[in-house]
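Peer 1: coordinates only, sequence not included:
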């Protein structure tokens, strides 16, 4: 009897095959969804710039960012973390009052590839529930780390929350963030895009980088005639564009 035909080896092959199939079901469908939506995003972003910020709100970083956006007279998209919103409700109120586009980023910012399926789904629902005061029921959902599983994807579909991606990762959360001017040039060369940034408090160095990058992006948009809009505007009926004009700075 050959090695592969022995009962225990057949069982081993079956188990390995089953695990491989399960892994494919967990990862492959969401990856295909993301690839398709990212391509669609690139097509819609021609001539448009979306400033998007994850992981807030945070007293220092988000507050200073809002001052900067108000100065330029533009709107951005924010994906809020539930537990941080609970700690800074006044910032969430200010985001709403300023007309920014708000979405959810789960409750505790958990990597769903490193936790159980039920915890991942619970994180999604808890984020939506805790942020319901500020985020519309059909507000966009951006998965932490850009990670999805089949279960979180299905849970988002059942809840009716569309997914939000990006086309350009600014790298502002890395240990050594890229030069802000390099990121701004990538946006210019792509004729727009959805830029991923972060507005949580990680120290003055990261905060200064994020604010500098935001200002460089807005200056590039003004010089190269890019329309600054929110993520929701990209897919709104009638192609409405809010915050397209950029106020000239006087300082």
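Peer 2: Yep, it's here. Not measured: the values here are computed from a predicted model.
Peer 1: What's the first helix or strand after the helix or strand of the chain with the lowest mean pLDDT?
Peer 2: The least trusted helix or strand in the chain, going by mean pLDDT, DSSP states H and E, turns out to be helix 7-44, with a mean of 57. Moving toward the C-terminus from helix 7-44, the first helix or strand encountered (DSSP states H and E) is strand 48-54.
Peer 1: what comes up buried for whichever helix or strand comes after that following strand?
Peer 2: As assigned by DSSP H and E, the chain's next helix or strand after strand 48-54 is helix 59-72. By neighbour count on 16 or more other Cβ atoms under 10 Å, the buried set for helix 59-72 is 61, 62, 63, 64, 65, 66, 69, 72. C-betas here are computed from N, CA, C, even on glycine.
Peer 1: so what pLDDT did the residue nearest to the fourth one when sequence neighbours are not counted get?
Peer 2: Okay, so that is residue 64. Spatially, and ignoring its direct neighbours in sequence, residue 64 is nearest to residue 211 (6.1 Å; Cβ to Cβ, 6 or more residues apart in numbering). As predicted, residue 211 sits at a pLDDT of 97.
Peer 1: For residue 211, pull up the helix or strand it's in.
Peer 2: Going by DSSP H and E, residue 211 is in helix 204-223.
Peer 1: Tell me the buried residues in that helix?
Peer 2: For helix 204-223, burial by neighbour count (16+ other Cβ under 10 Å) applies to 206-207, 209-218, 220-222.
Peer 1: And for it, what's in contact with it?
Peer 2: Contacting residues not belonging to helix 204-223 are listed as 49, 51, 53, 60-61, 64-65, 68-69, 72, 74, 170, 172-173, 177, 180-181, 183-185, 187-188, 195, 197-199, 201, 226-228, 246, 248 [Cβ atoms under 8 Å, 6 or more residues apart in numbering].
Peer 1: That'll do, ta.
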